[in-house]
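>>> Next input, structure requested:
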Amino acid sequence: MKLSPTTKEHRIETLDITRGFALLGIFIANMLFFHTPYLHVDPYTWFTNGDAVTFKWIDILVQGSFYPIFALLFGYGINMQYEKSIKRNKPFVPIMARRLGILLGIGLLHGLFIWSGDVLFTYAIMGFLLLLFVRIPAKWLALFAGGLYIIPAAFMYIVTSLLLKANSNLLMSDYIDTKQIERSIKVFTESTFGEIFTFRFFEWLVIGLGGTFMGLFIVLPIIMFGAALSKWKIIERAREFKIQLAIFTVFSLTAGIWIKFLPYVKKPTFDVIQLQDTFGNVILAAGYVSLLLLFCTVPLFRAVFRPIGKAGRMSLTIYITQSVVATLIFYSYGFGLYGKVDLLAGTWIALGVFVVQVLFAELWLSKFRMGPLEWLWRKGVYGRNLLKKEE
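So this is what the prediction gives:
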């Protein structure tokens, strides 16, 4: 017995458009890491003048609030595949395990050879764990996901607050690794690909593996909640919930922006930043999702932003090529602009690259059913040639 990938006719356009916007937001946020030693600085004091203003709005409106959307949709898609297999009386776990295994390999290659900030490795691991929970009814799955996220986050916030009472000078400004900043600039602007690989490998051990562990309490519950929303068919039934979505959008956007604004009205202590990252990010992300669901009920909006949906359809290709292009622009084996552009210029570069990607996606999908990396991925999963779009 063989499963076939979802055809274009069964694809949900709203899902693609939402994923496309998530790719843009993720790229803008990732630009901070591509061209700046962001991991080793206190961004609230490191950036000055125009960069400080740019960072403020990226931090509030973008940073950390688009990867939850991507994770949510990842879980949504896994449950769609699960329900499709049940409907067709086909095996689900072997096929999905193969898909996730290949995605894990792609993420590992991406993290080691292109950019250490890869998220695909973590998503694949969390996807394997979701296979244990995907059969749970939506209500219990959502409740479990909420507890898995909120309880550890609240515990860490309380612990951090207590530590701050013992040491009120525990500010983000204490975290500036001058040696590592200088090393990052030297490696990415002067070193060979091999030397950059070595440096990237040790970064990945911290970011990739460390992020995977933390993903148990951050990424996994979001993916699980996405699967619950898929069981409820929230995206497909958005028209039925217009009023509820409108109320939720206003609440989430207001609360999310307010929480994410806290480091700029108070001292950026660790507890405030943790509150911003663990709760502000996901609340604002929820607001963005509900806003897009509302907008996508309007045919004109879908028509105007359909090209972004095309980018969302080939999200793996778009995500990987963003890293390839950015590292070629900023690393020594490319144009070597690491540390030489301001945040506004970096943001415009991200927007410009994404526009080109959207145009590429439009052209590519006019001739083929899926993106090139999606084709390779699904070829590995299904073990047969996939038909071209026109066939």
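
>>> E195 against V187, yeah?
Yes - under the criterion of CB atoms under 8 Å, E195 makes contact with V187 at 6.3 Å. C-beta here means a position set from N, CA and C on the backbone, and glycine is covered the same way.

>>> who's more crowded, these two?
Set E195 next to V187 and count neighbours by other CB atoms under 10 Å: V187 wins out with 20 against 14.

>>> and the more buried one, what element?
helix 178-190 (DSSP states H and E).

>>> In PDB, list the C-alpha atoms belonging to that helix.
The C-alpha atoms that make up helix 178-190 are tabulated as PDB, following Å, rounded to 0.1, in the frame of the first residue of the first chain:
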ATOM      1  CA  THR A 178      33.400  40.600  24.100                       C
ATOM      2  CA  LYS A 179      35.800  37.700  23.200                       C
ATOM      3  CA  GLN A 180      33.100  35.700  21.400                       C
ATOM      4  CA  ILE A 181      31.900  38.900  19.600                       C
ATOM      5  CA  GLU A 182      35.400  39.500  18.300                       C
ATOM      6  CA  ARG A 183      35.800  35.900  17.400                       C
ATOM      7  CA  SER A 184      32.500  35.800  15.500                       C
ATOM      8  CA  ILE A 185      33.400  38.800  13.400                       C
ATOM      9  CA  LYS A 186      36.800  37.400  12.600                       C
ATOM     10  CA  VAL A 187      35.600  34.000  11.700                       C
ATOM     11  CA  PHE A 188      32.700  35.100   9.500                       C
ATOM     12  CA  THR A 189      34.600  37.900   7.700                       C
ATOM     13  CA  GLU A 190      38.100  36.400   7.300                       C
END
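
>>> Mind listing residues that contact that helix?
37, 39-41, 195-196, 199, 330-332, 336, 338-339 (CB atoms under 8 Å, 6 or more residues apart in numbering).

>>> repeat that for 7 Å
For helix 178-190, contacts defined as CB atoms under 7 Å, 6 or more residues apart in numbering pick out P37, H40, V41, E195, I196, F199, F330, Y331, S332, G336, Y338, G339.

>>> Tabulate those (CSV), appending distance to K367 and secondary structure.
Converted to CSV, the contacts of helix 178-190 look like this (distance: CB to CB, whole Å; DSSP: H, G, I helix; E, B strand; the rest coil):
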residue, distance to K367, secondary structure
P37, 41, coil
H40, 44, helix
V41, 44, coil
E195, 40, helix
I196, 35, helix
F199, 39, helix
F330, 32, helix
Y331, 32, coil
S332, 36, coil
G336, 35, coil
Y338, 36, coil
G339, 40, coil
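
>>> From these, keep the buried residues only.
P37, H40, V41, I196, F199, F330, Y331, S332, Y338 (16 or more other CB atoms under 10 Å).

>>> so how far is the helix or strand hosting T327 from its chain's centroid?
Per DSSP H and E, T327 falls inside helix 315-330. Put simply, helix 315-330 sits 14 Å off its chain's centre (CA atoms, centre = their mean, to the nearest Å).

>>> Mind giving me the packing neighbours of that helix?
Helices and strands touching helix 315-330, by 3 or more CB pairs under 7 Å, 6 or more residues apart in numbering; DSSP states H and E, are helix 13-35, helix 343-365, helix 372-382.

>>> N281: which of the ones you listed is closest?
helix 13-35 (10.4 Å; CB to CB).
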